[in-house]
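Asks: Let me see the structure of the following:
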Amino acid sequence: MTKNKPKNNYQGGAEDFKGFIRLSSNENNDGPSSRVKTALKNNVNFSNIYPELDGETLRNQISKTYSLNSEQLILGAGSDEVLQMIYATFTKPGDEVIFTKYAFAMYAIYAKNFKCKPRIFNDSKFQFSLNEFAKLASSKTKIIFLANPNNPTGSIFYKDEIINFIKKINKKTLIVLDSAYCEYLQEKNYDDGLSLVKKFPNLIITRSFSKIYALGGLRIGWGYSSMQNILKLYQYKKPFNVSRLSCIAATEALKDQRWISRSIKNNQNNKKYTANNLNNSLIKTIDTTANFILLKFSHEKIANKFVKFLYTNKITVRHLASYGLPKYVRMTIGSLTEMKKTIKVCNRFNV
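Replies: Numbers count the residues shown, from 1 in each chain. Below you'll find the model as predicted:
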């Protein structure tokens, strides 16, 4: 037995899920649509055959669903692989990259892996000013990463704010708009960024099938940008980087928009139910526009005890100490049955 085991730099949610209510990784607990399940069952016997080289069928479906040019799309094993390709393509050691302090951990991990120099904006107030964020950028900045909405803080920016922000940034600086949770946003003044790519060629949008589409276990995501950027990204894309089954599942998921609408409504209703019924003086509830809420405690020890208490009751949530937020716990919104049980357990918690 080796003394030093290989260890991933990213700390994910709890691995336990069989017999647990899993509220630790912002997954869609409704699971994949029946259409996706049928497609997977019908195609599993073809797993011995290599997938399409560049996922043409899925790219065409994304193009159809969102009215995009399929040639300006690139697929990845999760949107995190698209982020990795962006680093590989557009940075060299010593390049400056910018992101917020409390953001998706892979921004910082890839910055370290590719030997970039991160400039980190302190978003300790969670909902911050994009004007202040823009001040951190200069002509030396290679890439800016901005999640909208952001995990785990829930910060959210609307279309006019995003456009004004982009206009303040040097045109030679790439702006990566991470829209992994965008499907949960129903407000008319919110924009996932896809419509802005034509006007701003320095903009790259990343998207995921791991959240609302419930395909986290199949690792599939995508990016959209100007043709010039996509051509460069393809120089660093591995052949067959996404599996046959993941592409089939994602294609069918996009076709089932009725199921997506139902999942969005379930999330809204179950989140509202949770906020109205979670009643514990030790817990301050903070809402977000995505599929999770934040729970704030007066002390890290209480937050840690709470996570352990839920675990003994077969419920997993995410303590945000690894994000530098030790007093906070992130709770995914699950099914109504799951949330009813979770609320009862939360309301019993005491120190």
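
Asks: what domains does the record give for this protein?
Replies: 21-32+258-348, 34-255 (automatic domain parsing).

Asks: Indicate which one of the ones you listed is closest to N4.
Replies: With CB to CB as the criterion, N4 lies closest to domain 34-255 of these, at 19.1 Å. (Each C-beta comes from the backbone N, C-alpha and C, glycine too.)

Asks: now the domains of the chain in TSV, with distance to N4?
Replies: Formatted as TSV, those follow (distance: least, CB to CB, whole Å):
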stretch	distance to N4
domain 21-32+258-348	21
domain 34-255	19
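
Asks: Take those and write them to JSON lines, including mean neighbour count and mean pLDDT.
Replies: Listed next are these as JSON lines, based on neighbours: other CB atoms under 10 Å; pLDDT from 0 to 100:
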{"stretch": "domain 21-32+258-348", "mean neighbour count": "18", "mean pLDDT": "97"}
{"stretch": "domain 34-255", "mean neighbour count": "18", "mean pLDDT": "97"}
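
Asks: Surely K344 is in a helix?
Replies: Yes - counting by DSSP: H, G, I helix; E, B strand; the rest coil, K344 is found in a helix.

Asks: T337 versus that one, what's the distance?
Replies: 11 Å (CB to CB, to the nearest Å).

Asks: What of K198?
Replies: On the measure of CB to CB, K198 and T337 end up 44 Å apart.

Asks: what do you get for I49?
Replies: 39 Å.

Asks: Could you do M331 as well?
Replies: For M331, the distance to T337 - CB to CB - is 15 Å.

Asks: now do S195
Replies: 38 Å.

Asks: show me the contacts for M331.
Replies: Residues in contact with M331 (CB atoms under 8 Å, 6 or more residues apart in numbering) are 23, 274, 292-295, 317-318, 342.

Asks: Check which helix or strand it maps to.
Replies: In this structure, M331 sits in strand 328-332 according to DSSP states H and E.

Asks: ok, which stretches of the stretch 101-250 of the chain are helices?
Replies: For the stretch 101-250 of the chain, the helices defined by DSSP state H, counting those that start in this stretch cover 105-113, 130-134, 159-168, 227-233, 244-255.

Asks: Let me have those in JSON lines, extended by distance to F209.
Replies: Output for the helices of the stretch 101-250 of the chain, formatted as JSON lines (distance: least, CB to CB, whole Å):
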{"stretch": "helix 105-113", "distance to F209": "16"}
{"stretch": "helix 130-134", "distance to F209": "27"}
{"stretch": "helix 159-168", "distance to F209": "23"}
{"stretch": "helix 227-233", "distance to F209": "18"}
{"stretch": "helix 244-255", "distance to F209": "5"}
